[in-house]
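Q: From the sequence below, what's the structure:
(2 chains)
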There are 2 protein chains.
Amino acid sequence: MLAEIITIGDEILIGQIVDTNSAWMGRELNKIGVSVKQITSVSDNAEHIVAALNEAQKRADIILLTGGLGPTKDDITKLTLSKYFNMPLRQHATTLAHVEELFRKFNRPMIDVNIKQADVPDGCTVIQNKNGTAPCMWFEVNGKIFVSMPGVPFEMMYLMEEEILPRIKNNFDLPYIVHKTILTVGQGESFLAQQIEDIEDSLPSHIKLAYLPKLGQVRLRLSAVGPDEQALKAEIDIYAQQIIERAKKYVAAEDDVPLEKAILDLMKANRLTLSTAESCTGGYISHLLTQHAGSSAVFAGGAVAYSYDLKESVLGVMHQTLAEFGAVSEQTVKEMAVGAITHFKTDYAIAVSGIAGPDGGLPGKPVGTVWIAIASKNTVVAKLFTFSNKRIQNIERSATAALTLLLNLLKQDLN
Amino acid sequence: MLAEIITIGDEILIGQIVDTNSAWMGRELNKIGVSVKQITSVSDNAEHIVAALNEAQKRADIILLTGGLGPTKDDITKLTLSKYFNMPLRQHATTLAHVEELFRKFNRPMIDVNIKQADVPDGCTVIQNKNGTAPCMWFEVNGKIFVSMPGVPFEMMYLMEEEILPRIKNNFDLPYIVHKTILTVGQGESFLAQQIEDIEDSLPSHIKLAYLPKLGQVRLRLSAVGPDEQALKAEIDIYAQQIIERAKKYVAAEDDVPLEKAILDLMKANRLTLSTAESCTGGYISHLLTQHAGSSAVFAGGAVAYSYDLKESVLGVMHQTLAEFGAVSEQTVKEMAVGAITHFKTDYAIAVSGIAGPDGGLPGKPVGTVWIAIASKNTVVAKLFTFSNKRIQNIERSATAALTLLLNLLKQDLN
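A: As a prediction, the model looks like this:
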């Protein structure tokens, strides 16, 4: 079963927003055995939307559209679908009542454009959008399914989870798609590929292996398609175990999780706690950790100490250390890590101090210079990194490097 | 001048990664007057890549491809282009020398697949990729330009900035595209549209207005196309000023900046400092602020205090307050904000305490309950929010709500 996603909106094409909807939809569709053949982003332009619809239905069975359903003049998806399917717009009573209810709830007066939100093409199935005023529309035409949803992520997600995915599952006899991902850290993709070449060569044709590199990490993803989910899982696990055994040294997780989640899981299983002392990463490591449910069992908290003052008062870095070696130094970052362990009473701590840029470079310490320390109750290790002159990249790379150092120390300590 | 972006990689279609490249490319292309007509994401499949190439060149003058250039077997973009353009692969000496140099630098042995990275279709222009082993390839065929770049974001960005964009600018006589964005907070898009309807109706045909809503914010984007950049800027500014005047109460920034950047700019201009005391947002607000260059002039730092202990020891919340009212309460969040002001010696502080979920709800305090406080030297205000049961959404919405509260207090104080 093939699906295509069409995202509609000028804001995507001019890059004002990043399309995060499609990745989420791709993931959820895969889980129920639907493969996404193509993702197409087009502008709020009727001709262009029609061209995309024409193309998509040549390739796919289900076409999922997001965006262009707002009440304002630039949004034309509904009108375009009405013309495309030759289904004139009519007012939909249930939708109108729902829109009126929403406006009552938020105590706002309704205006004409809000009432028009309740118009739908005559002939589609209307699916109530509990979280907004734009109704979701399901069309079945010439044996193909077209679903138009709002582009607002949480409205789309709710509709997909509660309405669209269950309907697709009920309507079709779907094959299973099983993925198994192994997260590795610290080895380049071509070397991993060489190490496991014979395993890759032995894969049957319905199982594929992909390498997904990202900032010092490589995800190895095995994907299998077939009618029997349990058999696929068992089969894919055999190959996964072979790879894990071969690349053991670099395996951070035997699952498709981010690096920080692998660390949280490992620390939780060993009842260990963590804190952070961040300067140039500015709370990013803390944010990475705390976005995961249950992180509070491991992560106690941390400090974002940009200023010298806060490094001293919150983390207990000695004034003399800062004066003598500066904030971006081995001495300071080690004191930050030990300070975090001590003040926040945790088993491990991560400390980062660097020059994220684009300005702020010092003699001998160019933009991109980052010191990272990991402290445990017994030891503190520090390492110097030299990244680029791009601020956001430096923040991301510092976080990945810090998490990798922590993982390696944990693996060592737990062995 | 029209461009299309084709991103190649199964990992995009199955949603394992979010395609952030396209938005960045769209933004950079727009700046030099190239409009992106469509973004298409296809799998690592030769037939599918060829179909996308055929379609794209019907619509666009420049086709930019990313991805599928890695050394591993799943990457087939280069081979596909070689066959598509009927240009056999040959070894490119400069590229080989560059790859060898990279391997020497990182002290790694080269293997066969690394050497193959230096093969390129005979007839393309090779552009050196300083940050990786996959060369960038520029094809001119039948009056169209095709550029194949690696999908690794920082490799692609460097190539675009240093090589591709300058070449496009030199080769074509491009029109100007001018955007002007106004960030509003606290008013729904349909009401904004009603308020400025006459201004929107008076826009000439070469100027378009779009509404981009996101979590309590609406961006109003005016876009103009034409041959004279200065004239377009002057013209678009007239309409922008009319809109700003009309919607004054809700305008947070007269520029396309995130809310936190608008706050940083406003505080910097008034020499004000800020700190944070985060519980359920776990460092996200701090991260939002610190991703911006120059944020250290305003943001001193903050604490991520997940545990009761840290709320007491780092922020000075009274033990009695936590015991009596709990961590998620008006009393605690106010003490957190005042504690941040006092301990971190800033003019303003944001404090957030809530239940991000998906678990952890309490009687009378369901998941999604969030208290936010803003303290200044004179006052502390707190507000209760009830969001959803989705953790990441709750973190994002809490951050936006906190920043909005801060902005409103700042506007009030600075008047």
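Q: doesn't A:Thr346 fall inside a strand?
A: No. Looking at A:Thr346 with DSSP: H, G, I helix; E, B strand; the rest coil, it is coil, so not inside a strand.
Q: Can you name the residues that contact it?
A: Neighbouring residues of A:Thr346 by CB atoms under 8 Å, 6 or more residues apart in numbering or on different chains: A:273-275, A:300, A:340. C-beta here means a position set from N, CA and C on the backbone, and glycine is covered the same way.
Q: One more: A:Leu13?
A: Taking CB under 8 Å, 6+ apart, we find A:Leu13 in contact with A:41-43, B:26, B:35-39.
Q: hmm, back to that, just the buried subset of the contacts of A:Thr346, please.
A: A:273-275, A:300, A:340 (16 or more other CB atoms under 10 Å in any protein chain shown).
Q: So which of these belong to helices?
A: Taking DSSP state H as the definition of helices, the buried ones among the contacts of A:Thr346 contribute A:Ala340.
Q: which one among the buried ones among the contacts of A:Thr346 gets closest to chain B?
A: Using CB to the nearest CB, A:Ala300 comes nearest to chain B of the buried ones among the contacts of A:Thr346, at 4.8 Å.
Q: Check the gap between the closest residue to A:Trp24 other than its chain neighbours and B:Leu65 for me.
A: Excluding the flanking residues, the one nearest A:Trp24 by CB to CB, 6 or more residues apart in numbering or on different chains is B:Gly15, at 6.1 Å. Distance of B:Gly15 to B:Leu65, computed by CB to CB, to the nearest Å: 20 Å.
Q: more crowded one of those two?
A: A direct count of neighbours by other CB atoms under 10 Å in any protein chain shown for B:Gly15 and B:Leu65 places B:Leu65 higher, at 27 against 23.
Q: Run through the residues of the stretch 101-250 of chain A sitting next to chain B.
A: Listed as neighbours of chain B in the stretch 101-250 of chain A under the rule CB under 8 Å from any CB of the partner chain: A:108, A:111, A:113-114, A:152, A:154, A:179, A:181, A:188-191, A:193-194, A:200, A:208-214, A:219, A:221, A:223.
Q: Show me what the lengthiest helix in chain A is packed against.
A: As assigned by DSSP H, the longest helix anywhere in chain A is helix A:391-414. Secondary structure elements in contact with helix A:391-414, counted by 3 or more CB pairs under 8 Å, 6 or more residues apart in numbering or on different chains; DSSP states H and E, are helix A:259-269, helix A:284-290, strand A:348-354, strand A:369-375, strand A:380-386.
Q: mind checking which of the ones you listed is nearest chain B?
A: With CB to the nearest CB as the criterion, chain B lies closest to helix A:284-290 of those, at 2.5 Å.
Q: Could you say which helix or strand holds A:Thr332?
A: In the assignment (DSSP states H and E), A:Thr332 maps to helix A:330-344.
Q: Tell me what angle that helix forms with strand A:348-354.
A: Here helix A:330-344 runs at an angle of 140 degrees relative to strand A:348-354 (axes from the mean of the first three to the mean of the last three CA atoms, to 10 degrees).
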